[in-house]
Structure formats: C-alpha cells, structure tokens
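1. got a structure for you, letters missing:
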C-alpha cells in the first residue's frame, strides 16, 4: 500500500454513460497525476495538478474528459458519454514537489470496462 | 519527442537465474529514471529510482544502472524467484513539470 487510494477499483458501464473516478493522494503531496493504461502498454499521461491548479493536459484528454482537484486534496476524473475505446486502467499518482528524488507513488488503479 | 523503449517485451527464465532487463530513452536530458513492478490487474510499485547524477542503485537482489550518454538503463535481478514474476516498467522523469514517460514494459515469468 503506497498511501494513494482510488475508488472504485472496478467499473463496468454501458456505452454513452458518464463515469467518475476518485483519487486520494498521500496527504502532504501537492502534485497529482492521472495516467491511462491499456492492455500490453505502459501508462500514458492524461493530466497533472499542482495543488488545485491543472497545469498540463495531454492530447489524449478529449473534450469528454474532465478532471478537478478542489482544495488541492483529492481529485476526480469524469468521462462523459463513454466509448468502448475508453476501456482501460486509470491510474493516479502523487508526489511532493521540491524533493530531490521526486518519486511518484501510484494508487491501485480503477479498471473501466465499457460495454 | 521523449520515448522510452523496453526490450525484450517478454522473458521466461528458470528459477535461480540472474537476468537483465533493458530500457532505452531518446532524450538524454533525463532528471531521473524509475523502475516499477506491476502485478496483473494491479497498480505500480516503485522499485528503484536513479537520479541523473548517479550511476546505479541497489535494493536487495535488484540493481539498476543508468548511462545517460548512451541513453540506457538496466535492471539486474539476481537469483530470480517465482515471486519475481510480473511486468517491469521503466519510466523517465524530465526536468520541470513533466509527467513520467513510460516504456511498454517487460513481462517476466520465473519458472519453478
């Protein structure tokens, strides 16, 4: 257990439905990252927060995706009008800015299946 | 574009064998290089992190090296055990507010 938690762990939904995932980082960590991992691939970056500010978004993050981090604590990732291509593992990671070894600690992930 | 490549994609070895996993990266301006382990359907567990100023890091039976000039890192696993079976991912962290850039991983099977 790295101290980063994600909920739910699994989600099955029908195409066209909206889904929301939550990530709770390690409490003192001010940086929070979302990644997406499909079968047989390494994780790919989606978006990144420093405190409550969303500083970077990948081109993978289409208009159907939105992420928030109110108050710089937990974060949510919402996917609207889900498509079968959204099926993947969604990983959250947190880190502490300014630490020499800025290790990212990953949560267990949320596995999404879109039918 | 920053890219990370891992070879081989899959590896099967008998228990007790020493093995090396390879990772190469295109951008030598790397801040640190991190090796992760991922069990099926699970999240990532950090194994070793090597800063750009370091040449290697060791943890138990694991030893990771970093050669920025050649754009390569290796993860050496000594006396492999069936419990080492997992996917091993390497990822580069570049300076500034950048995310990790991952390879596709090497899927390791250690046969008892």
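-> The structure has been received and is ready for your questions. This one's a predicted model, so the numbers in the text were calculated from it and none came from an experiment.

2. show me what contacts residue A:89?
-> Neighbour list for residue A:89: A:36-38, A:109-112, B:41 [criterion: Cβ atoms under 8 Å, 6 or more residues apart in numbering or on different chains]. (Each C-beta comes from the backbone N, C-alpha and C, glycine too.)

3. One more: residue B:76?
-> Residues near residue B:76 by Cβ under 8 Å, 6+ apart: B:18-20, B:62-65.

4. Let me see the contact set for the residue nearest the centre of chain A.
-> In chain A, the residue lying closest to the centroid (Cα atoms, centre = their mean) is residue A:34, at 3.2 Å. Contacts of residue A:34 were listed using Cβ under 8 Å, 6+ apart, and they are A:23, A:45-48, A:67, A:75, A:77, A:90-92.

5. Give me the subset of those lying in strands.
-> Restricting those to those inside strands, with DSSP state E as the criterion, leaves A:23, A:45-48, A:67, A:75, A:77, A:90-92.

6. and which of the residues you listed is nearest to residue A:83?
-> When those are compared for distance to residue A:83 (Cβ to Cβ), residue A:90 wins out at 14.4 Å.

7. I figured that closest one was touching residue A:38, is that so?
-> No. Checked against Cβ atoms under 8 Å, the pair residue A:90 and residue A:38 is beyond contact range at 10.5 Å.

8. Give me the more crowded residue out of those two.
-> Of the pair residue A:90 and residue A:38, residue A:90 is the one with more neighbours under other Cβ atoms under 10 Å in any protein chain shown, namely 23 against 13.

9. Nearest to residue A:30 among the contacts of residue B:76?
-> residue B:64 (27.0 Å).

10. For residue 14, which non-adjacent residue is closest in space?
-> Looking at chain A here, since you left the chain open. With sequence-adjacent residues excluded and distances taken as Cβ to Cβ, 6 or more residues apart in numbering or on different chains, residue A:14 is closest to residue A:115, at 5.4 Å.

11. try chain B instead
-> The spatially closest residue to residue B:14, leaving aside those adjacent along the chain, is residue B:111, at 5.4 Å (Cβ to Cβ, 6+ apart).

12. same thing with residue A:85?
-> Once its chain neighbours are removed from consideration, residue A:85 has its nearest residue in residue A:114; the separation is 7.8 Å (Cβ to Cβ, 6+ apart).

13. who's in contact with that neighbour?
-> When the contact criterion is Cβ under 8 Å, 6+ apart, the partners of residue A:114 are A:13-15, A:82-87.

14. now the residue of chain B found nearest chain A, which residues is it bridged with?
-> In chain B, the residue that lies nearest chain A is residue B:102 (3.2 Å; Cβ to the nearest Cβ). Per DSSP bridges, residues listed as beta-bridge partners of residue B:102: residue B:91.

15. my guess is it meets residue B:88, correct?
-> No. With the criterion set as Cβ under 8 Å, residue B:102 and residue B:88 do not qualify as a contacting pair; they are 11.3 Å apart.
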